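*Asks:* turn this into a model:
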Amino acid sequence: RLPAYATWRTAAAPEEVREAALRTLRQRRFRAHLSGDAVAAEKGYLREAGNLLFHIALIVMLIAFAWGQLFKTEGNKLIVEGDGFANTLTQYDDFKSGNLFDDDDLVPFSFTLKKFTGTYEPSGPNKGTPRTYQADIDYSVGADGEERHRTVKVNEPLEIDDAKVYLVSHGYAPTVTVRDGKGQVVYRQAVPLLPLDPNVTSQGAIKVMDGYKNAQGKSEQLGFAAFFVPTFAGAGKGTMFSQFPALRFPVLSLGAYHGDLGVDAGTPQNIYQLDTKNPKLKPFKDAKGDILKSRLLPGETLTLPGGAGSITFDKDIKEWAGFQIVQQPGTGWALTGAVAAIFGLAGSLFIQRRRVWVRAVAGADGVTVVEVAGLGRSESAKLPEEIGALAALVHDKAPTQPDAGSDPEQSAATPVPAEGAEKK
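*Replies:* Residues are numbered from 1 along each chain as shown. Prediction:
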C-alpha cells in the first residue's frame, strides 16, 4: 500500500539485515532507529525548519515595516554652497513623520555644503543631459563629533545610523548687492532660484525686508522679481529661456518693487514668489511709465529711480543643492527578514521529507524476508528511485538466497525494483 516498495529473501539473519540497514540509512543521513522487527528512518526535517523560518521571517518583516512607518521621518532642505544644516526640526524646509515620532528620535548630525559640481553633455542628441551631479560636504555626528568629508552623489546617499541624506535637486543662487540712496549696503546675499526646465531656467524673488530707507528717509521694503538663465540665447533671439544648464552666458532679469512685502502681517507666504497683487507693494517706474525691468550681466548694476538706491548682480554665482533626509528605523530587520523568508521558502519547496522502513523477519521456511518501503510527506518522483538505491545497498550486505532448483546466476540478481520507479 506504500508508493515505493521492494522485497527479497536472504540467508542472512534478520538481526544482521536490520543492523546493515541501520548503518546504511545513517550513512545516507537518515534519522534511523530500531523498532521491533524493522528499522524506521526519516529524512527532510529541514523542510519543516524552512517552513517555520519562512513564517517567522514574515512576522519580522511586518513588525519591521510597521516600526519603520510609525517612527519614520522625511524632510527636505535647500542649501546654498557655503551654508550648513543641523538635523533639527527648525532647519527643514518641509517635514513629515510617523505617528509615534518624537523630536529626540532625530539622529544628531550636521553638515556644510562646500561645493556642488554638475557636468553636462556638451553636444549631440543628448546635449544638456547631466553627466555628473555631486555635492562635497563636511559632516559631523553629535555635538562634538569629528568633522569628516564625504561626496554625496545621486543614489549614493550619506548614511548616519538610521538616517540617509540623498541629493535630489540642484539650481543656481545668484549673489546680489542692494544699496540705499546713500550707497550703504543693506543687503548682500546669494539668492536661490527655482529651476523651471532641464536647462535650469530659474525664477524666484529677492526680498529686502529690513535696513532699507528710501530717498525721503522712510523705512521701506524692496522686492525684485528675478528670472535667471545660466546660458542666455542672446538679445533679439526671441526667447529668454536658457539654452544650456551650465554657466556659459548667465543673465539675471529683474523687476523692481517697493513698499510693504506683507511679511510682517503674520500670513505665511512663499519666499520664492513676490506678491505683486499686494496693493501696498508698488512697482518702480521707468522714464516711460512702465514697470522698471532690466537684464543684467555679472557685475552690472540696476539703478533705482528717484535716488532710491541700486541692485548689483555680482560675479559670484553660487549653486545650491536640495537634500532629502530620510530616517526609517527597522530597515535592517526588514532586509534580514526578507532574506530569511527567501531561504525558508526555498527550503520548504525543494527539501522533500520522507520516511523509510526496512523490515527483516524469518519466514515459515526459516529464510529471512526483507521488505523495504518508503512514504513521502509530499509527492516526489524521486522517492521510488531512492528506495530502489537503498534496497540495492542493503541487498549488497544481505543478498538474495537462491531458491531450490533455480539458476545460481539468476538467484544472485538484485531485489525486485521498487514499485513506482521509472523503467529504463
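*Asks:* what's the biggest helix by length in the chain packed up against?
*Replies:* Ranked by residue count and defined by DSSP state H, the top helix of the chain is helix 45-71. Secondary-structure packing of helix 45-71 (3 or more Cβ pairs under 8 Å, 6 or more residues apart in numbering; DSSP states H and E): helix 331-350. Every C-beta, even on glycine, is put in place using the N, C-alpha and C of the backbone.
*Asks:* model confidence over the helix it packs on, on average?
*Replies:* Averaged over helix 331-350, pLDDT sits at 88.
*Asks:* also stretch 213-220?
*Replies:* Computed over stretch 213-220, the average pLDDT equals 90.
*Asks:* tell me where this protein has helices.
*Replies:* For the chain, helices defined by DSSP H occupy the ranges 14-27, 45-71, 331-350, 382-397, 408-411.
*Asks:* any idea which residue is closest to the centre of the chain?
*Replies:* For the chain, the residue nearest the mean C-alpha position is Asn155 (8.3 Å; Cα atoms, centre = their mean).
*Asks:* tell me the contacts of that residue?
*Replies:* Neighbour list for Asn155: Tyr166 [criterion: Cβ atoms under 8 Å, 6 or more residues apart in numbering].
*Asks:* now it. Its backbone dihedrals?
*Replies:* phi 70, psi 10 (degrees, to the nearest 10).
*Asks:* flag every buried residue along the longest helix of the chain.
*Replies:* For helix 45-71, a neighbour-count test (16 or more other Cβ atoms under 10 Å) marks 47, 50-51, 53-54, 57-58, 60-61, 64-65, 67-68, 71 as buried.
*Asks:* same deal with stretch 252-269?
*Replies:* 252-259, 261-263.
*Asks:* let's have the residues you listed in CSV, adding distance to Ile206 and pLDDT.
*Replies:* Shown next, in CSV, are the buried residues of stretch 252-269 (distance: Cβ to Cβ, whole Å; pLDDT from 0 to 100):
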residue, distance to Ile206, pLDDT
Leu252, 10, 97
Ser253, 12, 96
Leu254, 8, 96
Gly255, 10, 95
Ala256, 9, 95
Tyr257, 10, 95
His258, 12, 94
Gly259, 15, 93
Leu261, 11, 91
Gly262, 15, 87
Val263, 13, 85
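*Asks:* relative to Gly388, which of those is nearest.
*Replies:* Gly388 has its nearest neighbour among those in Leu252, at 87.1 Å by Cβ to Cβ.
*Asks:* distance of that closest one relative to Pro245?
*Replies:* 16 Å (Cβ to Cβ, to the nearest Å).
*Asks:* bridging residues for Arg355?
*Replies:* Beta bridges link Arg355 to Glu42, Leu375, judged by DSSP bridges.
*Asks:* look up how far Gln184 lies from Tyr212.
*Replies:* Distance, Tyr212 to Gln184, using Cβ to Cβ: 9 Å.
*Asks:* mind checking which of the two has more residues around it?
*Replies:* Neighbour count, other Cβ atoms under 10 Å: between Tyr212 and Gln184, Tyr212 has more, with 21 against 12.
*Asks:* pretty sure that one contacts Val185?
*Replies:* No. Tyr212 lies out of contact with Val185 (Cβ atoms under 8 Å); the separation is 10.4 Å.
*Asks:* quick check: neighbours shared by the two?
*Replies:* Val178.
*Asks:* so what touches stretch 291-302?
*Replies:* By Cβ under 8 Å, 6+ apart, stretch 291-302 touches 250-256, 283-286, 304-305, 310-315, 317.
*Asks:* from the residues you listed, which would you call buried?
*Replies:* Among these, those classed as buried by neighbour count (16+ other Cβ under 10 Å) are 250-256, 283-284, 304, 310-314, 317.
*Asks:* by mean pLDDT, show me the worst of the helices of the chain.
*Replies:* Among those, helix 408-411 scores lowest, with a mean of 49.
*Asks:* quick check: bridge partners of Arg31?
*Replies:* In this entry, Arg31 is beta-bridged to Glu42, by DSSP bridges.
*Asks:* I'd say it and Glu42 touch.
*Replies:* Yes. Arg31 lies in contact with Glu42 (Cβ under 8 Å); the separation is 5.2 Å.
*Asks:* more neighbours: the two, which one.
*Replies:* Taking neighbours as other Cβ under 10 Å, Arg31 and Glu42 compare with Glu42 leading, 17 against 13.
*Asks:* correct me, but that one touches Arg29?
*Replies:* No. If you go by Cβ under 8 Å, Glu42 and Arg29 don't touch, sitting 10.9 Å apart.
*Asks:* just give the number of residues close to Ala334.
*Replies:* Ala334 has 19 neighbours, counted by other Cβ under 10 Å.
*Asks:* can you pull the contacts of it?
*Replies:* 60-61, 64-65, 68.
*Asks:* and for Phe30?
*Replies:* 41-43, 356.
*Asks:* same check, this time on Val191
*Replies:* Residues counted as contacts of Val191 (Cβ under 8 Å, 6+ apart) are 173-176, 204, 206, 226.
*Asks:* check it and give its pLDDT.
*Replies:* pLDDT, read off for Val191, is 96.
*Asks:* mind listing the strands in the stretch 51-200 of the chain by residue range?
*Replies:* For the stretch 51-200 of the chain, applying DSSP state E, counting those that start in this stretch gives strands covering 73-80, 84-86, 94-97, 109-120, 130-141, 148-153, 158-160, 163-179, 185-190, 194-195.
*Asks:* got JSON lines for those, with mean neighbour count and distance to Gly36 too?
*Replies:* Shown next, in JSON lines, are those (neighbours: other Cβ atoms under 10 Å; distance: least, Cβ to Cβ, whole Å):
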{"stretch": "strand 73-80", "mean neighbour count": "20", "distance to Gly36": "66"}
{"stretch": "strand 84-86", "mean neighbour count": "16", "distance to Gly36": "77"}
{"stretch": "strand 94-97", "mean neighbour count": "13", "distance to Gly36": "67"}
{"stretch": "strand 109-120", "mean neighbour count": "18", "distance to Gly36": "70"}
{"stretch": "strand 130-141", "mean neighbour count": "17", "distance to Gly36": "69"}
{"stretch": "strand 148-153", "mean neighbour count": "14", "distance to Gly36": "71"}
{"stretch": "strand 158-160", "mean neighbour count": "17", "distance to Gly36": "63"}
{"stretch": "strand 163-179", "mean neighbour count": "21", "distance to Gly36": "64"}
{"stretch": "strand 185-190", "mean neighbour count": "16", "distance to Gly36": "91"}
{"stretch": "strand 194-195", "mean neighbour count": "18", "distance to Gly36": "84"}
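*Asks:* alright, calling it a day.
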